Every structure is written in structure tokens, then in C-alpha cells.
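**Student:** what's the 3D shape of this:
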Amino acid sequence: MASIGDALRSAASEGIITSEQAERLEPYLAGRGAVIGGASFSASDLDDDALQAEESEQPRFVRGFHDILITIGIVVALIGLWGLGSLFAALPAIIILAEIFVRRQRLALPAVVLTVALVQWTGVLAMMMIAKLAPDIFKNLELALLAFPIWAVTLAIFYWRYRVPLALAAVLVCLFLLAVDIALLLITKATGAFFVFIEHPALSAFVLLIGALGLFAAAMSYDIADPARKTRLSDVAFWLHLAAAPALLYAMLSFVFLRNVSGNWWGDATSPSDAFAVLAIVVVFMAIGLIIDRRAFVTSGLLSLGLAIWTILQRGGVSLGDYQSVTVLAVGVVVLFIGIFWQTLRRAIVSLLPETITARLHPVYRPKH
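**Tutor:** So this is what the prediction gives:
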């Protein structure tokens, strides 16, 4: 039996209503306990933690295997077309496919794939333009200064036409990256540095942190605008968090490894105290993920969590026969624990926050007793 959201999206794909109307009707009907086929779909009926956890962060990717089949066809066709006709044959194909599968049929997974294809196409085009217009540019910061605006404009046009959440999120990411790039270039010019990350690591890390915080703030603004996660705004927030979480994490980790910024963060110079600092940062990130109900803040720190555990075990005097297997097992246990008890942990953490904050977050599910 279909949910209200599925039924409305199906009606939009068949042209009965517009996609904008479907997005506005879904929270309206659900909030009034609307029924389909005699079954109520109000949020109060979702009394199972596992089901609630599954639906608390559910970007619209796939409605069925039809979407997957179409997506496979798009990927294979674009790869073949790119090989035969190079750059200039791919763009018309992307536009035609977007008109059919995104604008008319509103298929989410093909929309994501076509957006990624456009990002790749724009990147190749930008490199070609820069090579012709500014062939003497060799520094990465200056290359990025020219490339990011091209990406932003192309993706903005794509979003204006097709309203793909990933496209809007990508535009915002490009703008934040451009701002960070400009700031690093100004520091480079002002200090005369050849490679600013090595010569001014603390200042560079601070700029990266400010940019990551700005991206996180943008993601939260979309989350706050749609706390029930029923509209396109929630999907934009999903993609922004997917970019903001690792950006914010590694910007913070860069302060831990300032003395070794040009080398291997997890090399011989890494001490157990560094690993404990990384471990603390990852734990904080997991708590943030629980508070805002976004798994990106958990998954982004898993690699750092594993490396921190491995460093603590190996260099902390713990005698084990297989450090790698123990580390992998520990990370797996952590992931399973958080995944299984996501709603319980979230209730416990959010209950400690003031109502002025929790009122603006995705609602906490509380089981009926």
C-alpha cells in the first residue's frame, strides 16, 4: 500500500498535479491524519524505532527498479557518447535526458546521475577554457579561482530549469569553495608565500574551518526551514550536510596535526595524545549527527576513528596479535551500536538541550506507552 508521499509523487509524475503541489500537499495531508485505503499515515502511528530511524533521513533517490534501469541506461549511453563525440556531444544528451526523465517524469536517481554528469562536463570545459585563456596559470589556487565560477553558473542554470536539489547544493558548495580560495589567495599575496598551507598552516586551517562552518550553517538553514523533512529543502540539506561534515571534520583535524601539515598525518610522528584528540573530535561529531539527525556526521568520521583506535592500540603499549582486525571490529561495533540505538541515543542527547534549540530541529520520535 502506498504512502501519501508516494501517491502524490506518482500523481506528479503522471502530470495530474505539479511536483511543487505534491511537496506542499504531503505535509498538509499527513498533519491532518489523512488516510489512503482506510489506513492512517499520520506520524503518530509510527511507533517503531527502527521504522522511524529509517524514515528520519530519507532523501528521494529511488521509487522502484525502473529508476535503477533508467539510470544504468543513462550512464552507459553517456559513457559511449562521450567516447564517440567527446565533450560537445555529451551536453545535448544531458539536456535531452534531463528534459525527459527529470522535468517530465521527475525521476530522482536519474536526476542525481545527470547532475553528476554535468559537473564532470563542466569541469572538463573549464579546464579547456582556462588552458586557452590563461595558459600561464600553474598554481592550484588560481586555477580554482577561475573554475569554481564556471561550475556555479552552469549548475545554477541546471537547477533553475530542473529543480534538482543536488544541483542547488553543488552551487552553494562551489560558492563556499570560491570564497575559501579567494581568502587563501589573498593570504598568499599578502605574505608572499609559495605554498600557503605549509608556510602558514594555522592561518590556512582557520580559513578552511570558517568555510566549513559557513557550509554547515547553510545546511542547517535548509534543515530548519523544513524540520518535518517533507519538501525539496530537506534534500538540499542532505547534500549540503554530506559535503559539510567531512569538510568541517578535516578542518578541525588539521589543527591537531599542525606540526605535520606537509606530511603523513598518521605517520611515525603521530602520538597517542594526537589520536585521543582525534577520537574526541569524532565523538563530538557523532553527537552532532544525533542531535540534528544526520548520519553524514557519523560516517564522515569512521576512517579517522579507525586510525585513532589503531594508533592508540599500537603505540599505547597494548599487546595484540592483529591490530588491524581489532580496529576494524571496533569500528564495526560502534557503527552497529549507533545504528541500532539511533533513536534511543538521540532522545537521550536532545533531552539535555533547551527547548529553544530542539523546537527548530527534526522532531524527536518518542514511543507511545
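
**Student:** Do you know the pLDDT at the residue nearest the centre of the chain?
**Tutor:** For the chain, residue 242 is the residue whose C-alpha lies nearest the centre (Cα atoms, centre = their mean; 1.4 Å). In this prediction, residue 242 carries a pLDDT score of 95.

**Student:** what's near enough to touch it?
**Tutor:** Contact partners of residue 242, counting by Cβ atoms under 8 Å, 6 or more residues apart in numbering, are residue 296. In this view, the C-beta of every residue, glycine as well, is placed from N, C-alpha and C.

**Student:** Please apply the same query to the one 3 residues further on.
**Tutor:** Applying Cβ under 8 Å, 6+ apart, one finds that residue 245 lies in contact with 216, 285, 289, 294, 296, 297, 299, 300.

**Student:** any chance of these in JSON lines, plus neighbour count, distance to residue 109 and secondary structure?
**Tutor:** Formatted as JSON lines, the entries for the contacts of residue 245 read as follows, by neighbours: other Cβ atoms under 10 Å; distance: Cβ to Cβ, whole Å; DSSP: H, G, I helix; E, B strand; the rest coil:
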{"residue": "216", "neighbour count": "21", "distance to residue 109": "26", "secondary structure": "helix"}
{"residue": "285", "neighbour count": "23", "distance to residue 109": "28", "secondary structure": "helix"}
{"residue": "289", "neighbour count": "24", "distance to residue 109": "24", "secondary structure": "helix"}
{"residue": "294", "neighbour count": "24", "distance to residue 109": "21", "secondary structure": "coil"}
{"residue": "296", "neighbour count": "23", "distance to residue 109": "19", "secondary structure": "helix"}
{"residue": "297", "neighbour count": "26", "distance to residue 109": "24", "secondary structure": "helix"}
{"residue": "299", "neighbour count": "16", "distance to residue 109": "20", "secondary structure": "helix"}
{"residue": "300", "neighbour count": "24", "distance to residue 109": "23", "secondary structure": "coil"}
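
**Student:** Residue 17: which of these is nearest?
**Tutor:** Ranking the contacts of residue 245 by separation from residue 17, with Cβ to Cβ as the measure, puts residue 294 on top at 29.8 Å.

**Student:** Just the element for the residue nearest to the centre of the chain, please.
**Tutor:** Here residue 242, judged by DSSP states H and E, is contained in helix 232-256.

**Student:** Residue 244 contacts residue 211, doesn't it?
**Tutor:** No - applying Cβ atoms under 8 Å as the test, residue 244 and residue 211 come out as separate, 9.8 Å apart.

**Student:** how near is residue 270 to residue 225?
**Tutor:** Residue 270 sits 41 Å away from residue 225, going by Cβ to Cβ, to the nearest Å.

**Student:** Neighbour count: those two, which is higher?
**Tutor:** Neighbours were counted for residue 270 and for residue 225 using other Cβ atoms under 10 Å; residue 270 has more, 20 against 13.

**Student:** So the more buried one sits against residue 312, correct?
**Tutor:** No - because the distance of 10.4 Å does not satisfy Cβ under 8 Å, residue 270 is recorded as not touching residue 312.

**Student:** Among the contacts of residue 245, list the two that are farthest apart in space.
**Tutor:** Once Cβ to Cβ is applied, the contacts of residue 245 give 216 and 299 as the farthest pair, at 15.5 Å.

**Student:** for this protein, what helix or strand is lowest in average pLDDT?
**Tutor:** Every helix and strand in the chain was compared by mean pLDDT, DSSP states H and E; the lowest is strand 39-40, with a mean of 42.

**Student:** Now name the helix or strand holding residue 335.
**Tutor:** helix 323-340.

**Student:** The helix or strand just after that helix packs against which elements?
**Tutor:** Stepping forward along the backbone from helix 323-340, the first helix or strand reached (DSSP H and E) is helix 342-350. In terms of contacts (3 or more Cβ pairs under 8 Å, 6 or more residues apart in numbering; DSSP states H and E), helix 342-350 is packed against helix 49-56, helix 272-292.

**Student:** Just the C-alphas of helix 342-350, formatted as CSV.
**Tutor:** Output of helix 342-350 as CSV, limited to C-alpha atoms (Å, rounded to 0.1, in the frame of the first residue of the first chain):
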residue,chain,number,x,y,z
TRP,A,342,19.9,5.8,16.9
GLN,A,343,16.5,6.9,18.2
THR,A,344,17.3,6.0,21.8
LEU,A,345,20.6,7.8,21.8
ARG,A,346,19.0,10.8,20.0
ARG,A,347,16.3,11.1,22.6
ALA,A,348,18.9,11.0,25.4
ILE,A,349,21.1,13.7,23.9
VAL,A,350,18.3,16.0,22.7
